[in-house]
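Visitor: Make a model of this:
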Amino acid sequence: MMRRDELIEALRDRDNARHKNAILWCLAIIGAIAAIAAIAYAVYRYLTPDYLEDFDDDFDDDFDDFFDDEDESEDAEDAAEETAEEAAEAEEADEADAE
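Guide: Below is the predicted model:
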C-alpha cells in the first residue's frame with residue numbers, strides 16, 4: 001500500500017511539473033513575440049522620415065517672414081512719417097525765412 005501511494009504521488013508531481021513547464025514555454029513564446037514586435041517597431045520609427053519636423057520648419061519660416069514683413073512695413077511707415085514731418089518743418093522754415 002505504501003509503495004502504491006508513493007507511485008501515485010510521483011505521477012502527480014510529474015504531471016504538475018509538466019503543467020508548469022507548459023506554462024513556462026507559453027510565456028517564453030509570448031515574450032519572444034513581444035520582443036520581436038518591439039524591435040520591429042523601433043526599426044520602423046528609426047527608418048521612417050519625420051515629415052512633421054519639415055512642416056514645423058516651413059511653418060516657422062513662414063511665420064517669421066510674416067512678422068519680418070510687418071516690421072519692415074512698420075519701419076517704412078515710420079520713415080515716411082519722419083520724412084513728411086521733416087518736409088513740413090522745412091516748409092515752415094522756408095516761410096519764416098521768406099518773411
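
Visitor: Show me how the record splits the protein into domains.
Guide: 1-48, 51-99 (automatic domain parsing).

Visitor: which stretch in these has the least confidence?
Guide: Sorting the domains of the chain by mean pLDDT places domain 51-99 lowest, at a mean of 65.

Visitor: mind listing the helices for this protein?
Guide: Applying DSSP state H to the chain gives helices spanning 2-47, 51-98.

Visitor: number of nearby residues for I8?
Guide: By the criterion of other C-beta atoms under 10 Å, I8 has 10 neighbours. All C-beta atoms are positioned from the backbone trio N, CA, C, and that covers glycine.

Visitor: ok, now A35?
Guide: The burial count assigned to A35 is 10, neighbours taken as other C-beta under 10 Å.

Visitor: ok, it to M2 distance?
Guide: The gap separating A35 from M2 is 49 Å, by C-beta to C-beta, to the nearest Å.

Visitor: Got phi/psi on P49?
Guide: Backbone torsions of P49, given as degrees, to the nearest 10, read phi -70, psi 150.

Visitor: ok, it - contacts?
Guide: If a contact means C-beta atoms under 8 Å, 6 or more residues apart in numbering, then P49 has no contacts.

Visitor: distance of it from A84?
Guide: From P49 across to A84, the span is 53 Å (C-beta to C-beta).
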